[in-house]
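K.L.:
sharing a sequence plus its predicted fold:
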Amino acid sequence: MKKIFSAIALLAVSIMCVACNSDNSSFSENSANTSQYQNSTVQPTTISEEEKADKRIDNLISSMTVEEKVGQLFFVRYPDADAEEQVSEYNLGGYILFGKDFDEKTREEITENISSCQKSAEIPLLIGVDEEGGTVVRVSSNENLREAPFLSPRDTFANGGWNAIEEDASEKADLLLSLGINVNLAPVCDVTSDYNAFMYDRSFSGDADEVSEFVKKVVEISGQKKLGTVLKHFPGYGNNEDTHTGIVYDNRDFQSLEETDFKPFTVGIESGADCVLVSHNIVNSIDSEYPASLSEEAHNILHNQLRFDGVIMTDDLSMGAITDYTGTENAAVLAIKSGNDLLCCSDVEEQYPAVLSSVQSGDTPIEQINNSVKRILKWKQKLGLIE
């Protein structure tokens, strides 16, 4: 009996040991699997600051109404009255100030006017001027703001070389920013050699490489100070006539444009410019039917050949070359459809409803508007206007 009990006891102990070993083996396998799982777990991806900024813009756009989105497309001439009300009514993208808006005003008056408009805006405004120097000096023509107007780029260079150009760009940026102006509609990228040409006094040189170097310096110095720059007038004004007064035809061949006129724009884009202004010239080698500002072909060249993915803006849609070509309302809709993001205009009361109606009817895709708004808001973000 004792032998049987001993045998049973021994068998029980053996079974327990086998079970114990089996459990230990299972535990070891589970531990190995757990360790293996932990090692294979994907670590959280670090999101870059650029991606975070991009996401904030997407979130902002998703919260905007169609009316607010369309308003952002308008860079409007500053009105004689009710500027703050216009900002609120149309949700404007920005204001462009001209000489009359500075004449005989004090620094305090100007900064207060700009600040008041910014306070009326849900999304901070682009505030722009044409402060090229020489014949186009909206700000420095006022003695309260600068002792003397800025010289033209040609004269500035003649007096002091590249150092003078750099100092000039730096001083312009400081002056404009001190007033609340965040965009200078400059530099002029046009290569003009004919002394009698409309753009001669405003252009830096008749040599494309020299103009490119000038553009590079202005864009880089302005960018360092967070002043927006606008490259103008794509695809290059050359020696052509004035589009303020009527339709102008440019008969140069495309190779000439590529080898000469595109160069300063390409360099400006590579140097960090965020906006390109398109002229109203009808450039036959690009599009013999539409002014460049209303031409899909011209905009395709900017995107595909010059690799520009920033904001594209029209020249003023109230200029003779456009009003002689098409009606005011139609011009705004055509300008958006052809690929412009910003409309430089004086008739927002007529043009805003026309664009809004085109979007609401589906004639202009909302996806296109969203893309334009995103480019505009990213520019504002880069200038420090929005988070």
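P.N.:
Yep, that arrived.
K.L.:
next helix or strand past the helix or strand harbouring Trp162?
P.N.:
Trp162 belongs to helix 153-179 when elements are defined using DSSP states H and E. Heading C-terminal from helix 153-179, the first helix or strand you meet, by DSSP H and E, is strand 183-184.
K.L.:
adjacent strands (with direction) for that following strand?
P.N.:
Strand 183-184 sits in its sheet next to strand 126-129 (parallel), strand 228-234 (parallel), going by DSSP bridges.
K.L.:
which stretches of this structure form helices?
P.N.:
Here the chain has its helices, by DSSP state H, at 2-40, 49-62, 66-71, 83-90, 107-119, 153-179, 208-224, 254-256, 262-270, 296-300, 320-323, 328-338, 348-360, 366-382.
K.L.:
closest one to Gly246 among the ones you listed?
P.N.:
Closest of the helices of the chain to Gly246 is helix 320-323, at 4.6 Å (criterion: C-beta to C-beta). (Glycine included, C-beta is placed from N, CA and C.)
K.L.:
can you list contacts of that closest one?
P.N.:
Thr243, His244, Thr245, Gly246, Ile247, Val248, His280, Asn281, Pro291, Ser293, Leu294, Ala331 (C-beta atoms under 8 Å, 6 or more residues apart in numbering).
K.L.:
top of these by neighbour count?
P.N.:
Within the contacts of helix 320-323, most neighbours by other C-beta atoms under 10 Å means Ser293, with 34 neighbours.
K.L.:
dump the residue contacts of that one.
P.N.:
Ser293 touches Val278, Ser279, His280, Thr314, Asp315, Leu317, Ile322, Ala335, Ser338, Asn340, counting by C-beta under 8 Å, 6+ apart.
K.L.:
mind putting those residues into TSV with pLDDT and distance to Cys189?
P.N.:
Supplementary listing: these in TSV, determined by pLDDT from 0 to 100; distance: C-beta to C-beta, whole Å:
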residue	pLDDT	distance to Cys189
Val278	97	12
Ser279	93	11
His280	91	16
Thr314	95	16
Asp315	90	13
Leu317	89	21
Ile322	83	21
Ala335	96	20
Ser338	96	20
Asn340	98	18
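K.L.:
which of these fall within strands?
P.N.:
Val278, Thr314 (DSSP state E).
K.L.:
the spatially closest residue to Ser170 that is not a sequence neighbour: neighbour count?
P.N.:
Using C-beta to C-beta, 6 or more residues apart in numbering and skipping the chain neighbours, the partner closest in space to Ser170 is Ile221 (5.5 Å). When neighbours are defined as other C-beta under 10 Å, Ile221 has 21 of them.
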